[in-house]
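>>> Requesting a structural model of the entry that follows:
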Amino acid sequence: MKESDYEHVFTGSAIKANYLKNIFDEEGISAVVRNDHDSQLRAGFGGSYANQALIFVKRDESMRAKRIVERKMEGEEIPSEILEKQAAESRLDEEETVQKNHKRPLIKKDTKANRSLFNILLNVVLILYSLWRLMPLLQGEEISTWRILLSGFILVFCSITVFNHFRK
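Just a heads-up that it's a prediction; the model follows:
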């Protein structure tokens with residue numbers, strides 16, 4: 001955004017940035033909020049810009065916007081009711097946007113087990129292999145302790161995995 005028609009006027013928390021953006025909208029100033037932390041989280045990696053949002057406005061409206069920022073941020077404390085309302089509205093807007101794109105909502109988690117057919121077959125094959133490795137015990141033969149422990153662990157682990165898949 002360095003070589004554009006926009007100028008940076010505020011850096012702060014995402015809630016305060018949304019608060020100022022709403023004031024700018026009421027004043028007729030077009031503003032863009034850039035939240036690098038949210039962008040990094042959505043891309044799959046975190047960063048050092050935790051809770052930092054930037055507001056950019058058009059260059060011809062920047063003086064008016066800077067005066068509003070000074071008046072709203074320096075002179076008076078923002079009431080907690082307004083901040084809570086801004087936080088709730090920003091989360092609801094975010095969820096509506098995600099739902100319009102037919103993606104999973106941000107807060108809800110999928111509880112269904114997502115195991116492929118290959119994964120289930122692999123677990124069944126490992127169960128059968130472990131049973132085959134432990135079969136000499138039933139015939140009275142002696143086998144090494146590490147073989148018993150390893151095959152027993154694989155047998156129990158894969159059995160629990162297959163059981164949990166079909167239970168859900």
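
>>> any idea which element Ile143 lies in?
Here Ile143 sits in a region with no helix or strand, counting by DSSP states H and E.

>>> Name whatever forms a beta bridge with the nearest residue to Tyr6 once chain neighbours are set aside.
The shortest distance from Tyr6 to any non-neighbouring residue, by Cβ to Cβ, 6 or more residues apart in numbering, is to Phe56 (4.0 Å). Any C-beta I mention is one placed from the backbone N, CA and C, and that applies to glycine too. For Phe56, the beta-bridge partners under DSSP bridges are His8, Val32.

>>> contacting residues for Phe56?
For Phe56, the contact set (Cβ atoms under 8 Å, 6 or more residues apart in numbering) comprises 1, 6-9, 31-32, 34.

>>> Emit the PyMOL select command for whichever of those residues are buried.
Only the buried entries of the contacts of Phe56 go into this PyMOL selection, using 16 or more other Cβ atoms under 10 Å:
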select buried, resi 6+7+9+31+34
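
>>> Start and end of stretch 36-55, how far apart?
Taking Cα to Cα, to the nearest Å, the span from the opening residue of stretch 36-55 to its closing residue is 11 Å.

>>> in the protein, which spans are strands?
6-12, 31-35, 53-58 (DSSP state E).

>>> Relative to Ile154, which of those is closest?
With Cβ to Cβ as the measure, strand 31-35 is the member of the strands of the chain nearest Ile154 (46.0 Å).

>>> quick one, what contacts the nearest residue to Ser62 once chain neighbours are set aside?
Residue nearest to Ser62 in three dimensions, not counting chain neighbours: Glu7, with 4.3 Å by Cβ to Cβ, 6+ apart. Taking Cβ under 8 Å, 6+ apart, we find Glu7 in contact with 56-59, 62.

>>> Select from those residues the one having the most neighbours.
Of the contacts of Glu7, Val57 is surrounded by the most neighbours, 26 neighbours in total, counting by other Cβ atoms under 10 Å.

>>> Now do the residue nearest to it when sequence neighbours are not counted against Asp5, distance only.
In this structure, Val57 finds its nearest non-sequential neighbour in Ala65, 4.4 Å apart by Cβ to Cβ, 6+ apart. Distance, Ala65 to Asp5, using Cβ to Cβ, to the nearest Å: 13 Å.
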